[in-house]
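Visitor: Sequence first, then the predicted structure, then my questions.
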2 protein chains.
Amino acid sequence: MRNIKLTIEYDGKRYLGWQRLGDTEKTIQGKIETILAQMTGEKIEIIGSGRTDAGTHARGQVANFKTASTFETEKMLDFLNRYLPRDIVIKQVEEVAERFHARYHATSKTYSYYIWNDVIPTAFHRAYSFHYPKRLDSEKMNEACQLFIGKHDFLGFSSLKKTKKSTVRTIETISIQKEGSLIRFTYVGDGFLYNMIRIMMGTILEIGSGEREIATINQVFKEKIRTQAGETVPAHGLFLDEVSYK
Amino acid sequence: MRNIKLTIEYDGKRYLGWQRLGDTEKTIQGKIETILAQMTGEKIEIIGSGRTDAGTHARGQVANFKTASTFETEKMLDFLNRYLPRDIVIKQVEEVAERFHARYHATSKTYSYYIWNDVIPTAFHRAYSFHYPKRLDSEKMNEACQLFIGKHDFLGFSSLKKTKKSTVRTIETISIQKEGSLIRFTYVGDGFLYNMIRIMMGTILEIGSGEREIATINQVFKEKIRTQAGETVPAHGLFLDEVSYK
């Protein structure tokens, strides 16, 4: 069997998220699997690097699948982009070693979260950023970001119930870029728990607007109580930018 | 009567263009006039700096209207942005001199046109750029832009029928910026005829892709025959960025 790696861009607006549910119609995974089945005549299951929530976007989601078909990768790229809805685009198709696994072998992920920080809303970025009109203190937000960097148990910053699996993750960097009213927060780490970025982001915003003390971050790390962290910000400001492999 | 100036941003995707038609529902002008009537109790007609086509976007359209109402401009801004559809945003409301006229007094306009220049399409910019997969020669396009700059009779580069009104316009600058696969062409001039930017843009692309000789530009200036110029590129790549006044 050949093992094929896909790099995928999608506008998550119209979808229930990455992960196929019973009905394949409203998920990214489902849409791609349907077209792959048409192309190969096989029943194909693709493995994503991880789920993305309903409404979340991706510039560089990665997935792989096994197939006996002999299509050239270039032909696959053309076929997929011809028949997929136009808000899902395959950027790259590569044949990879048979052991390659999009989820298990991912070593690092990059996400961006966008804030539209202005009293006046935006006509263009509204599906791709969270409108947050309160004044934000950049220095306080920078300080808060520094506290998240490194290896921590992020259970309190996730929507997971208590679990036997490890909830320890390492964040390499969080950077902040501002262009006019649009602020981009870029998170790089070895992995992120369910809702972890959206809860960290909500916590950082509450610190930036002065509603929350920076010290609460270390308190949540220690006590691991979700309700002590900030709000979960909406999914539509979040982009999965890149998944890295060794 | 007070004279009020509006600066308006809109995503033109869902609209039939700026100009109100019989039914007000599907135009930007119609939408704004409806809300202004609700706010003031008056029948208000707004004067735009110029029309934009169905599907064309704006970051800085300007309009003015007369009113006897005594609302503060800040209140107007809040009211409009509260009740307008979310793809139309009022950026600024100012009280101006009674003689100010958004169309007659405009001295210069800036438009941008976006090209997605890649074989692989885009999931995000597709409503805001024209997908043009052919390879483009930047130097040839630069040369073509230079020929458009200055004072010319642009009748052959417009969709106007022969008219008694002057079709002479002056283009100050055309600049090209590239960021990845996205190319932005910025046009600054004292005014643009119907479809003029979309036809210049189509002509520049045909020159850039090698399908057309640069010399045809001066030929169209001389002979003023629309069919000798390039294709009219789609409206959805076009943004009205700014309207300037003395």
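Guide: Received it, and whenever you're ready, just let me know what you need.

Visitor: the strands in chain A, which residues?
Guide: Ranges of strands within chain A are A:2-10, A:47-48, A:57-67, A:88-96, A:106-116, A:130-131, A:150-153, A:168-179, A:182-189, A:238-245, based on DSSP state E.

Visitor: Any residues of chain A in contact with chain B? List them.
Guide: Taking CB under 8 Å from any CB of the partner chain as the criterion, the neighbours of chain B within chain A are A:9-11, A:57, A:77, A:81, A:86-91, A:120-124, A:126, A:128. C-beta here means a position set from N, CA and C on the backbone, and glycine is covered the same way.

Visitor: Just the buried ones from the residues you listed?
Guide: For the residues of chain A next to chain B, a neighbour count by 16 or more other CB atoms under 10 Å in any protein chain shown gives the buried set as A:9-11, A:57, A:77, A:81, A:87-91, A:120-124, A:126, A:128.

Visitor: Domains in chain A, by residue range?
Guide: Partitioning chain A according to automatic domain parsing yields domains covering residues A:2-96, A:108-245.

Visitor: Same list (those domains) but as a markdown table, adding mean pLDDT.
Guide: Conversion of those to a markdown table gives the following (pLDDT from 0 to 100):
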| stretch | mean pLDDT |
| --- | --- |
| domain A:2-96 | 95 |
| domain A:108-245 | 96 |
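
Visitor: Ok, which of those domains comes nearest B:I214?
Guide: Relative to B:I214, the nearest member of those by CB to CB is domain A:2-96, separated by 33.0 Å.

Visitor: Distance from that closest one to the middle of the chain?
Guide: For domain A:2-96, the distance between its averaged C-alpha position and the chain's averaged C-alpha position is 16 Å (CA atoms, centre = their mean, to the nearest Å).

Visitor: hmm, what's the outermost residue in chain A?
Guide: Note on chain A: the largest C-alpha distance from the chain mean falls to A:T70, namely 31.8 Å (CA atoms, centre = their mean).

Visitor: Report the separation between it and A:C145.
Guide: The spacing between A:T70 and A:C145, counted by CB to CB, to the nearest Å, is 49 Å.

Visitor: got it, and A:V89?
Guide: Between A:V89 and A:C145 the computed distance is 31 Å (CB to CB).

Visitor: same thing with A:P234?
Guide: Distance check for A:P234 against A:C145: by CB to CB, it reads 20 Å.

Visitor: quick one, which of these two is more surrounded?
Guide: Here A:P234 and A:C145 are compared on neighbour count by other CB atoms under 10 Å in any protein chain shown; more neighbours surround A:C145, at 20 against 17.

Visitor: With adjacent residues omitted, what lies nearest to the more buried one?
Guide: Closest residue to A:C145 in three dimensions, ignoring its sequence neighbours and counting by CB to CB, 6 or more residues apart in numbering or on different chains: A:I174, at 4.0 Å.

Visitor: burial of that neighbour, as a residue count?
Guide: One way to gauge burial is a neighbour count; for A:I174, by other CB under 10 Å, it gives 24.

Visitor: Test of understanding: give the bridge partners of it.
Guide: When bridges are called by DSSP bridges, A:I174 pairs up with A:Y187.

Visitor: contacting residues around it?
Guide: For A:I174, the contacting residues are A:C145, A:F148, A:I149, A:F185, A:T186, A:Y187, A:V188, by CB atoms under 8 Å, 6 or more residues apart in numbering or on different chains.

Visitor: Quick check, the fourth one in contact with A:S175.
Guide: Yes. When contacts are counted by CB atoms under 8 Å, A:F185 is listed as touching A:S175 (7.4 Å).

Visitor: Mutual contacts of these two, please.
Guide: Common neighbours of A:F185 and A:S175, using CB under 8 Å, 6+ apart, are A:C145.

Visitor: between those two, which one's more packed in?
Guide: The residue with the greater number of neighbours, taking A:F185 and A:S175 and applying other CB under 10 Å, is A:F185; the counts read 22 against 12.

Visitor: mind listing what the more buried one touches?
Guide: A:F185 neighbours (CB under 8 Å, 6+ apart): A:S112, A:Y113, A:Y114, A:I115, A:C145, A:I174, A:S175, A:I176, A:M201, A:I204.

Visitor: sorry, back to before: out of the strands of chain A, which gets nearest to A:K224?
Guide: Checked against CB to CB, the stretch from the strands of chain A lying closest is strand A:150-153, at 6.5 Å.

Visitor: Pairing partners for that closest one, with directions?
Guide: Taking DSSP bridges as the criterion, strand A:150-153 forms sheet pairs with strand A:168-179 (antiparallel).

Visitor: relative to strand A:182-189, how tilted is the strand it pairs with?
Guide: With axes from the mean of the first three to the mean of the last three CA atoms, to 10 degrees as the criterion, the two stretches strand A:168-179 and strand A:182-189 enclose an angle of 160 degrees.

Visitor: What residues does A:L238 make contact with?
Guide: A:L238 is in contact with A:T52, A:D53, A:T56, A:H57, A:Y111, A:S112, A:Y113, A:I197, A:R198, counting by CB under 8 Å, 6+ apart.

Visitor: Farthest-apart pair in the residues you listed, please.
Guide: A:D53 and A:S112 (14.6 Å).

Visitor: Pull the number of nearby residues for A:K162.
Guide: 7.

Visitor: Please identify the nearest residue in space to it, excluding sequence neighbours.
Guide: Setting aside the residues directly before and after it, A:K162 is nearest to A:L155 in space (CB to CB, 6+ apart), at 7.4 Å.

Visitor: separation between the one you found and A:T163?
Guide: When A:L155 is compared with A:T163 (using CB to CB), they lie 8 Å apart.

Visitor: who has more neighbours, these two?
Guide: Ranked by neighbour count (other CB under 10 Å), A:L155 and A:T163 place A:L155 first, with 22 against 11.

Visitor: State the distance from the more buried one to A:A106.
Guide: Applying CB to CB to A:L155 and A:A106 gives a distance of 21 Å.

Visitor: And A:K178, by the same measure?
Guide: Separation of A:K178 from A:A106 (CB to CB) stands at 29 Å.

Visitor: who's more crowded, the two?
Guide: Each of A:K178 and A:A106 has its neighbours counted (other CB under 10 Å); A:A106 has more, 18 against 12.

Visitor: How confident is the prediction for that one, by pLDDT?
Guide: Each residue has a pLDDT score; the one for A:A106 is 97.

Visitor: list the contacts for it?
Guide: A:A106 sits next to A:S49, A:G50, A:V62, A:G191, A:V243, A:S244, A:Y245 when contact means CB under 8 Å, 6+ apart.

Visitor: now with 6 Å?
Guide: A:S49, A:V243 (CB atoms under 6 Å, 6 or more residues apart in numbering or on different chains).

Visitor: likewise A:S209?
Guide: Under the criterion of CB under 6 Å, 6+ apart, the neighbours of A:S209 are A:K134, A:L136.
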